[in-house]
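Undergrad: please work out how this folds:
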Amino acid sequence: MKYRIDLHCHSRFSADGVSEPEEMVQAARERGLHGFAITDHNTCACVDYFLSAGLMREDGHPVNDFLILPGQEITTSAGHLLALGVRLPDLKGIGPAEAVGLIREAGGLAVPPHPYDNFRAGIREGVLDGLALEAIEVFNAAVTFKAANQRAFDYAKKRDLAMTAGSDAHHVEAIGTACTVLEMHDFTVKGALAAIRKGAAGLEQRYLSKTQALRKTWSNVFRLRSGRKRHPHPHP
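TA: Predicted structure coming up:
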């Protein structure tokens, strides 16, 4: 069976995110997604929240036919790196090769996002060439210029890497703008990672609207100016 999974999403636990976890699940379901990866910047706090709220399971199985993959967007010393399928501590500043090694050791999948977007902190080609990668994000709905996605696609083809697509949503309106279609018989986190490695059944590629992109840009500016940190809201 084919499942539509957004593999790059942020919650309010990201310094530049505003989405409430429950609203993310509701929005994703309304848009026909079967799941998403929660990839907040340098934290897995939302993973813990989803588990405590009963929206995720420790064993990686779906809850009410909806699958949330644990993850994180690590700010390595060379740029951002998605860690899919694993819970890790804050590794900000770690070297990219070491990060890839830790992710793989933990059974996860290391996926560099937006590597060719020069206005965002992607890991660039000179560093990518030396990393033991299995997959790369070839479509990010929030890239500054569309050519960046094409270059990522070309690089994936050159290295025969698995390809992913994600919305990079920082607010609920953007969730599911882009997603990865996976053929899975085992609808679990483990099954999703295996399906990504095997090769996506399809990539749904739509860009953020101008309004959505402006909201994301403003969130980034606000984060840089304030240096604020998101703190968990107490669970009711």
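Undergrad: strands along this structure, start to end?
TA: Taking DSSP state E as the test, the strands found in the chain are 2-9, 35-38, 67-69, 71-76, 79-84, 109-111, 135-140, 162-166, 179-183, 202-204.
Undergrad: reformat these as CSV; add mean neighbour count.
TA: The C-beta positions use only the backbone N, C-alpha and C, and glycine is treated the same way. What follows is the strands of the chain, written out as CSV (neighbours: other CB atoms under 10 Å):
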stretch, mean neighbour count
strand 2-9, 25
strand 35-38, 27
strand 67-69, 25
strand 71-76, 25
strand 79-84, 24
strand 109-111, 27
strand 135-140, 26
strand 162-166, 25
strand 179-183, 23
strand 202-204, 16
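Undergrad: between the ones you listed, which gets nearest to Gly122?
TA: strand 79-84 (4.9 Å; CB to CB).
Undergrad: what about stretch 139-158, how long is it end to end?
TA: With CA to CA, to the nearest Å as the measure, stretch 139-158 spans 16 Å from end to end.
Undergrad: what residues does it touch?
TA: Applying CB atoms under 8 Å, 6 or more residues apart in numbering, the external contacts of stretch 139-158 come out as 8, 113-120, 125, 128, 136-138, 161-169, 174, 177-178, 203, 205-208, 212-213, 216.
Undergrad: try it again at 7 Å.
TA: With CB atoms under 7 Å, 6 or more residues apart in numbering as the test, stretch 139-158 has contacts from 8, 113-117, 119-120, 125, 136-138, 163, 165-168, 174, 177-178, 203, 205-208, 213, 216.
Undergrad: do stretch 127-138 as well
TA: With CB under 7 Å, 6+ apart as the test, stretch 127-138 has contacts from 8, 78, 82, 96-97, 100, 109-115, 149, 152-153, 155-156, 161-166, 196-197.
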